[in-house]
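here is a sequence with its predicted model. Questions after.
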Amino acid sequence: MTEHSRTTLADRADPVRAWSARRTYRAADFRPGDLVAAKAGRRISVVLPARDEQSTVGAIVAALHSELVQGVPLIDELVVVDSHSTDATAQVARSAGARVVAQGEVLPGLGDVPGKGEALWKSLAATDGDIIAFLDSDLRDFNPAFATGLLGPLLTEPGVVFSKGAYDRPLDDGRTVLPAGGGRVTELVARPLIATYWPALGGFVQPLAGEYAGTREALESIPFAGAYGVDLGILVDLYEAYGLDALAQVDLGRRVHRHSPDSALAVMAMHQHLAMLSRLRRHGRVTGADAPGDTLTLHRRDPDDGGFRAETVRVDPGERPPMREVRAGL
């Protein structure tokens, strides 16, 4: 019996703990050659959504292309969805070995909405893999084991339709690097929301991880929340559709990326609330509630007069319908 499948009496008395013991894997559990053998004719797509990531996307694509496209034939298509970059993201990604797709050119008749959720949703129409892995494009010190780890449970564990990354997130405050603390929206917003409304998902170490993989059938069966609500929305909707045991998480070790200012984190936090409220309504947890607000007011000290200056930003990420419904209507 492997380590991840061992359960104790205490685990069995606690469903979240039992799931974690059964469905938590390590990236090192899965070797690329073994995964190639386990593909059994299935095609694999790896997608990187990118906006102005010229400094990091090339190294990620090059590592994946060298080791998992050319080295072993695990990845069948490596795609960067360019979300209106103003820098050389597209050129860098293409030179490193990716097929680059402009977000606005996918399903143009349905319009184009800013944000990560749109890039991921449109990638379903721009790829043909039976299994799709998503990786953020701002990762530093990237290891291709991120991809093999996420793909492992989907290729080797019957019944698993989705796997999500788990990792440590160091926090660089500009003076020193702390071993943890890089997931402020996760800890202060997403985890309390999950504990309140979907406690069965409490075993996920990184519920907002941008690194995850799923079967096309599963991913095309659910709506995609807009912007940064997409990661939480996918997790909740797949749980509702397939049950907890169809979901897995994989310990990827350590994830290093750039950090956002508090003002950007506030907008991301609101995305989580809006995505969760939408799912509470969709799954019958809340009825008859007023429409949520769509603006966020931020306050900053004005350096000129010493007072506070209010800035109101619009936060309306929207949602996209299940891709299988879109395909049916084309």
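Sure, I can see it. Residues are numbered from 1 along each chain as shown.

hey, let's count contacts and neighbours off CA atoms from now on
Noted.

quick one: secondary structure of the residue most central in space within the chain?
Nearest residue to the geometric centre of the chain (C-alpha atoms, centre = their mean): G210, 2.8 Å. Applying DSSP: H, G, I helix; E, B strand; the rest coil to G210 yields a three-state assignment of coil.

could you do V100 as well?
Per three-state DSSP, V100 ends up strand.

the residue nearest to the centre of the chain: what's its closest spatial neighbour, skipping adjacent residues?
The shortest distance from G210 to any non-neighbouring residue, by C-alpha to C-alpha, 6 or more residues apart in numbering, is to D136 (5.7 Å).

what's near enough to touch the one you found?
Neighbour list for D136: L48, P49, A50, G210, E211 [criterion: C-alpha atoms under 8 Å, 6 or more residues apart in numbering].

next secondary structure element downstream of the lengthiest helix in the chain?
Looking across the chain with DSSP state H, the single longest helix is helix 262-282. Counting by DSSP states H and E, the element after helix 262-282 in chain order, helix or strand, is strand 295-301.

and the two most separated of the contacts of D136?
A50 and E211 (13.3 Å; C-alpha to C-alpha).

the more surrounded of the two?
Neighbour comparison, A50 and E211: the larger count goes to A50, with 28 against 24 (by other C-alpha atoms under 10 Å).

hmm, the more buried one is touching L135, no?
No: using C-alpha atoms under 8 Å, A50 is not in contact with L135, being 9.7 Å away.

give me the common contacts of these two.
Joint contacts of A50 and L135 (C-alpha under 8 Å, 6+ apart) do not exist.

for P170, which residues make a bridge with it?
Taking DSSP bridges, one obtains G181 as the residues bridged to P170.

for G253, see how far away it is.
11 Å (C-alpha to C-alpha, to the nearest Å).

ok, now S137?
From S137 to G253 the distance is 17 Å (C-alpha to C-alpha).

one more: A275?
Taken as C-alpha to C-alpha, the span from A275 to G253 is 28 Å.

for P322, same thing?
Going from P322 to G253 by C-alpha to C-alpha gives 32 Å.

what's the answer for T287, then?
In terms of C-alpha to C-alpha, T287 sits 41 Å off from G253.

and after the least confident helix or strand in the chain by mean pLDDT, which helix or strand comes next?
Across the helices and strands of the chain, mean confidence by mean pLDDT, DSSP states H and E is lowest for strand 177-181: a mean of 37. Next helix or strand after strand 177-181 toward the C-terminus (DSSP H and E): helix 184-185.

I'd like the mean pLDDT over the helix or strand just after that next one, please.
Once the chain leaves helix 184-185, the next helix or strand it forms, by DSSP H and E, is helix 191-197. Mean pLDDT, computed over helix 191-197, is 96.

one more: stretch 90-106?
Mean predicted confidence for stretch 90-106 is 98.

adjust the sequence numbering to begin at 349 for everything that follows.
Shifting the count to begin at 349 puts that one at stretch 438-454.

T372 pairs with what?
Bridge pairing for T372 - DSSP bridges - gives Q597.

what pLDDT does it get?
pLDDT, T372: 98.

quick one, what contacts it?
For T372, the contact set (C-alpha under 8 Å, 6+ apart) comprises H352, A596, Q597, V598, D599.

just to revisit the earlier point, can you put the contacts of D484 in TSV and add pLDDT?
TSV is the format used below for the contacts of D484 (pLDDT from 0 to 100):
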residue	pLDDT
L396	98
P397	97
A398	97
G558	94
E559	97
